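Undergrad: Predicted model, plus sequence, below.
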Amino acid sequence: MLNGWLKYSAVTVLAAGCLFAETPVHVQTFPLRDTTGLIAPKAKTEAVDYLGRRSVRITMEGEDHEGLALLPGTDFQDGVIEADIALKITTPPGVRYPGFVGIAFRARSDASHYELFYLRPGNSEAADQAMRNHAVQYASEPDFGWYRLRREWPSVYESHAELAVETWTKVRIEVTGRAARLYLNGSAKPSLVVDGLKGEDLHGAVGLWSFTDEEAYFSNVRITPSVSQNLKNGSEVAGSWEMRYSSDAARMDAIMELRREGDKVTGTWSGPLGEGRAITGTWRNGYVELSFAGEWPKESQQGAPGPVNAFLSGWLDGDAGKGRMRVEGRSDGAWVAKRKE
């Protein structure tokens, strides 16, 4: 009887596995040979021939604002987005910024919130290294635009890449939970890694993103979903947290005791930067931003001891959390934490 049950169980598991393997992935393709179905209230979309292929061109009138054309019937959470994009700058050299073109994802239907990877090909060959490092960028609109991210977290959400204007560039975006990676032109190595997307929407539409004073071209969009991470927003920050910070200058273990009233967070940090240091900050649907004043440890081999200000941001998911931490003028790195039982 036992042998029979084992054989039956094995057949059942095998059949279930085959059924799962044969379940088709719902891949969405948008050749973009015409503008049918595109939702673009603030941008002009046209079907054109560009660099030897049929594609969609997006242009906008006005100064310094972006436009988004949402792809119909898309509701993307995790998976892969692939596209071919190109940029033609229509202003004389030196008049304005060197062009912007990208792919948005997890966008709301009114395009008011979205995650975004975008390219700035004109920066790729700039003489100034800082400008070169702004060739590929991440933003999360409307709360975490490029200016805020660059000021608060220098060099974390942008990078250099070899790009060119008036050339088709292959873009591949891989999204898993709260992380995303940008790959260019078939490279196996990402040009930009974002471990901690800033937006609170876990799914939404995919869109074609452009800016004023340029012509942005798009073709061959392919969206391949994957099994979504089991994430929920709204995790509670109040409690005692064991925290580890790994940076370019130091590694620290600490305890954070945190409380929350509405969107306000208070508490204490106890670790190498000081004992019982007062923490203040905010909570937004499970995303936290915290800061405190401490003392750089005299035992550190990097940097002289003295007063410092520390800043943390990141997501809490249940009893775990992760994000980035910067000790102003001293170190930058990542933190992970778990709630103490």
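TA: Done, it's in. Numbers count the residues shown, from 1 in each chain.

Undergrad: in stretch 220-238, what's buried?
TA: Applying a neighbour-count criterion of 16 or more other C-beta atoms under 10 Å, one finds 220-221, 223, 225, 235, 237 buried in stretch 220-238. From N, CA and C alone the C-beta is placed, and that goes for glycine too.

Undergrad: how about the strands in the stretch 1-150 of the chain?
TA: Listed in chain order, the strands found in the stretch 1-150 of the chain under DSSP state E, counting those that start in this stretch are 28-30, 44-50, 53-59, 66-70, 79-89, 101-107, 114-119, 136-141.

Undergrad: ok now do residue 255, which residues does it touch?
TA: With contact set as C-beta atoms under 8 Å, 6 or more residues apart in numbering, residue 255 has these partners: 240-243, 269-271, 340.

Undergrad: which regions of this structure sit below the pLDDT cut-off?
TA: By pLDDT under 70, the weakly predicted segments of the chain are 1-24, 64, 94-98.

Undergrad: Identify the residue nearest the geometric centre of it.
TA: The structure's the chain has its C-alpha centroid closest to residue 197; by C-alpha atoms, centre = their mean the separation is 3.9 Å.

Undergrad: Now for residue 286: which residues touch it?
TA: By C-beta under 8 Å, 6+ apart, the contact list for residue 286 reads 200, 232-235, 237, 315-317.

Undergrad: ok so, going back, quick one: the strands of the stretch 1-150 of the chain as CSV, columns for distance to residue 187 and mean neighbour count too.
TA: Formatted as CSV, the entries for the strands of the stretch 1-150 of the chain read as follows, by distance: least, C-beta to C-beta, whole Å; neighbours: other C-beta atoms under 10 Å:
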stretch, distance to residue 187, mean neighbour count
strand 28-30, 22, 17
strand 44-50, 23, 14
strand 53-59, 22, 20
strand 66-70, 26, 23
strand 79-89, 13, 21
strand 101-107, 16, 26
strand 114-119, 14, 25
strand 136-141, 12, 23
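
Undergrad: Relative to residue 149, which of these is closest?
TA: When the strands of the stretch 1-150 of the chain are compared for distance to residue 149 using C-beta to C-beta, the nearest one is strand 136-141, at 6.6 Å.

Undergrad: outside of the closest one, which residues touch it?
TA: Defining contact as C-beta under 8 Å, 6+ apart, one finds that strand 136-141 is touched by 66, 112-120, 145-146, 149, 157-161, 163, 180, 182, 184, 191-192, 194, 197-199.

Undergrad: could you say which helix or strand contains the nearest residue to residue 238 once chain neighbours are set aside?
TA: Counting by C-beta to C-beta, 6 or more residues apart in numbering, residue 260 is the residue found nearest to residue 238 once chain neighbours are left out, at 4.8 Å. Under DSSP states H and E, the secondary-structure element containing residue 260 is strand 251-261.

Undergrad: which stretches of this structure form helices?
TA: For the chain, the helices identified by DSSP state H occupy 2-22, 129-132, 146-152, in order along the chain.

Undergrad: which residues sit against the second one?
TA: Here helix 129-132 makes contact (C-beta under 8 Å, 6+ apart) with 123-126, 160.

Undergrad: Is the residue nearest to residue 238 bridged to anything, and to what?
TA: Per DSSP bridges, the residues bridged to residue 260 are residue 265.

Undergrad: With residue 245 instead?
TA: Each beta-bridge partner of residue 245 is listed here, defined by DSSP bridges: residue 252, residue 335.
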